[in-house]
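Student: Starting from these lines, generate the structure:
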Amino acid sequence: MDHKTKPGAEVLLSWYDRHHRELPWRISPAAAKAGAVPDPYHIWMSEVMLQQTTVAAVKAYFAKFISRWPSVTALAEAPNEDVMAAWAGLGYYARARNLKKCAEAVAFQHGGVFPDTEEGLRALPGIGDYTSAAVAAIAFNRPSAVMDGNVERVISRLYAIEAPLPGSKPQMKAKVAALTPTDRPGDFAQAMMDLGATICTPKRPACALCPFNDACLALADDDPERFPVKAAKKAKPVRQGAAFVAVDRDGRLLLRKRAESGLLGGMTEVPTTDWTSRQDGETGLKAAPFPADWQSAGTISHVFTHFELRLSIFRVGPIDAPSGNHGFWVPVTELDGEALPTVMKKAIVAAIPTAFPTPKG
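Tutor: Reported below is the predicted structural model:
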């Protein structure tokens, strides 16, 4: 980089002091200078929620969780069903199960105090390399190399890293580690994230405003949008299944709980067939939970991380609730209190258009 200015933490931290995002879980630089310290519970909660989810989507969920469970011990003592219901709609539901397990470990094994090192944090349920580094840096000011998708984009452009993701992650992390200062490492981590989110964006980055613009090799070649280089994506497989929406004469909907493990584990669903990310389920009426005059209500599609699901929707009702253990019945007017993932809300709306606002995703 002999023809360029060497990138350094100081210029980025100076930019962050002026242009940081105001976020409900964050301590601003000014507040930090006045003696405020981050709440590890808030930092951990936000980092778990932010995995593969946007800041805009997380803000309301974060506020709801912190208001309802203001401490890690309160969350640990909450019923699983309440936590899953509060998480419904945020997606990637294994995070909610791990959130509860981690809260229990911190509350009951660590006296309600989060470990303050990457190693200690990584030993908790559901905390991997990224979350342990982020919490260690932001909550405890440890000089940890924090790298999310935003940081990957900044680093790949700054150093014009030609190797494609995901194979280039170790090279990128080494660059982040070399840049991370021992002073204010938490602010540096958040500054890198903010830079990627607001300036070094995937399309049309605002390079003229970037504090690293004089050191950026991708900008020197006038081609920052080419980075990060990514390996060719494989086409997502399409899986098939069916879902059954039954309403009884009291205006109640038939629901059941999914198994605790696996996709959408522990969440609530309408009766559906045994589809998975690897196999199709039955798509016809022979898979209905009980004999009835089922009618087609069309199909819905939902995209998961690794596959697309297409469900044939069938509906029946109002009917007399059949005998037998088919699940449990909930008034249609009270569905918002159930732990229904977005795909199940789509299925219900296909059969009962007024049940929810049309879910996104």
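
Student: make it CA atoms for all contacts and neighbour counts henceforth
Tutor: Fine.

Student: who's in contact with the residue lying closest to residue 15 once chain neighbours are set aside?
Tutor: Of all residues not flanking residue 15 in the chain, residue 211 sits nearest, at 6.5 Å (C-alpha to C-alpha, 6 or more residues apart in numbering). For residue 211, the contact set (C-alpha atoms under 8 Å, 6 or more residues apart in numbering) comprises 11, 12, 15.

Student: let's go with 10 Å and repeat that
Tutor: 7, 8, 10, 11, 12, 13, 14, 15, 16, 195, 199 (C-alpha atoms under 10 Å, 6 or more residues apart in numbering).

Student: mind listing which of those are in helices?
Tutor: 10, 11, 12, 13, 14, 15, 16, 195 (DSSP state H).

Student: what number of residues lie near residue 170?
Tutor: Neighbours of residue 170 under the rule other C-alpha atoms under 10 Å: 11.

Student: What does the pLDDT read for it?
Tutor: Note for residue 170: predicted pLDDT of 96.

Student: Check the ones in helices among the contacts of residue 211 for burial and list the buried ones.
Tutor: 12, 13, 15, 16, 195 (16 or more other C-alpha atoms under 10 Å).

Student: Closest one of those to residue 232?
Tutor: Nearest to residue 232, judged by C-alpha to C-alpha, of those is residue 195 at 26.1 Å.

Student: Can you list the neighbours in contact with stretch 51-65?
Tutor: Outside stretch 51-65, the residues touching it (C-alpha under 10 Å, 6+ apart) are 23-25, 42, 45-50, 67-71, 75, 83, 86-92, 95, 130-131, 148-149, 197, 305.

Student: again, only using 7 Å
Tutor: 46, 49, 50 (C-alpha atoms under 7 Å, 6 or more residues apart in numbering).

Student: Pull out the buried positions in it.
Tutor: Buried, per 16+ other C-alpha under 10 Å, within stretch 51-65: 51, 58, 59, 61, 62, 63, 65.

Student: Looking at those, which are in helices?
Tutor: Short answer: the buried residues of stretch 51-65 in helices (DSSP H) are 58, 59, 61, 62, 63, 65.

Student: for these, which one is nearest residue 228?
Tutor: residue 58 (25.1 Å).

Student: where exactly do the helices run in this protein?
Tutor: Using DSSP H, helices in the chain cover 9-19, 29-33, 40-50, 55-68, 72-77, 80-87, 94-109, 118-122, 129-140, 149-158, 169-179, 185-198, 217-220, 342-351.

Student: model confidence over the shortest one, on average?
Tutor: Read it as helix 217-220. On average, helix 217-220 scores 96.

Student: Any idea how far it is from the middle of the chain?
Tutor: Relative to its chain's centre, helix 217-220 lies at 31 Å (C-alpha atoms, centre = their mean, to the nearest Å).

Student: what residues does it touch?
Tutor: 157, 158, 159, 160, 224.

Student: Same question for the longest one.
Tutor: Applying C-alpha under 7 Å, 6+ apart, the set of residues contacting helix 94-109 from outside is 48, 72-73, 75-76, 84, 87, 112-114, 124-126.
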